[in-house]
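Asker: coordinates for the following, if possible.
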Amino acid sequence: MHHRSKLGRVTAAAALAVSALALAPQSASAARSYPLGIVARDYSFQGVPSRLPAGAYNLRFYNLGSEPHVVVAINLGPACSQTVATAADAIEFLETVDSEEVLADACPGSSLAGDVFAPPGGSASGPLSFTPGRALVFCPIPDSMWTPHHELGMLNFINVVGLPGGFGL
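Answerer: Residues are numbered from 1 along each chain as shown. Got it, this is the predicted structure:
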């Protein structure tokens with residue numbers, strides 16, 4: 001494992017989050033989406049399912065913490081679903097991924113599922129799109145000591161199963 005400064009790690013994960021913002025679907029007339037609710041606290045997510053049917057979701061994100069938080073979700077694709085298996089693996093992986101292009105090179109078949117930001121005490125909604133395989137959900141925002149929130153516990157995996165719409169569960 002190579003060592004980068006905390007700022008470098010934060011910058012890489014934050015750049016990926018900014019890249020995700022630019023990729024959010026622009027059409028509200030797309031296929032049906034299903035509701036999903038996630039709550040953030042300082043420093044954990046609640047309501048992230050361990051298993052979820054593939055498909056489009058409308059995330060309602062509630063931030064009950066005293067710091068800003070964002071849900072960033074990545075479909076890891078076949079290659080990285082096997083190699084990014086633990087929280088430690090995910091933290092190391094996030095040190096190197098700072099754009100959609102780097103994500104695609106590092107994990108062929110991967111994609112950004114989406115992201116939703118909420119300020120302290122606030123809430124927001126936005127689209128997420130999960131494909132079969134494994135997904136990583138994290139918050140790259142740093143605390144006052146420049147430690148990314150995902151290194152403090154805001155990191156979860158989702159096993160995404162079946163076909164879009166929940167078929168094959």
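Asker: please make it C-alpha for all contacts and neighbour counts, starting now.
Answerer: Fine.
Asker: and the residue nearest the centre of the chain, how far is that from residue 157?
Answerer: Nearest residue to the geometric centre of the chain (Cα atoms, centre = their mean): residue 73, 2.1 Å. Distance, residue 73 to residue 157, by Cα to Cα, to the nearest Å: 9 Å.
Asker: list residues touching both of these two?
Answerer: 135, 136, 137 (Cα atoms under 8 Å, 6 or more residues apart in numbering).
Asker: distance of the last one from residue 157?
Answerer: Which is residue 137. According to Cα to Cα, residue 137 and residue 157 sit 6 Å apart.
Asker: re the thing from before, ok, and the closest non-adjacent residue to the residue nearest to the centre of the chain?
Answerer: Leaving aside its chain neighbours, residue 73 sits nearest to residue 137 (4.4 Å; criterion: Cα to Cα, 6 or more residues apart in numbering).
Asker: can you pull the contacts of the one you found?
Answerer: 71, 72, 73, 74, 154, 155, 156, 157, 158.
Asker: next, count neighbours for the fifth one.
Answerer: Pointing back at residue 154 there. Using other Cα atoms under 10 Å, residue 154 is surrounded by 24 other residues.
Asker: thought it was touching residue 45?
Answerer: Yes - contact criterion Cα atoms under 8 Å: residue 154 and residue 45 qualify, at 5.9 Å.
Asker: helix or strand for the residue nearest to the centre of the chain, just tell me which one.
Answerer: strand 69-75 (DSSP states H and E).
Asker: pLDDT on that strand, on average?
Answerer: Averaging pLDDT along strand 69-75 gives 96.
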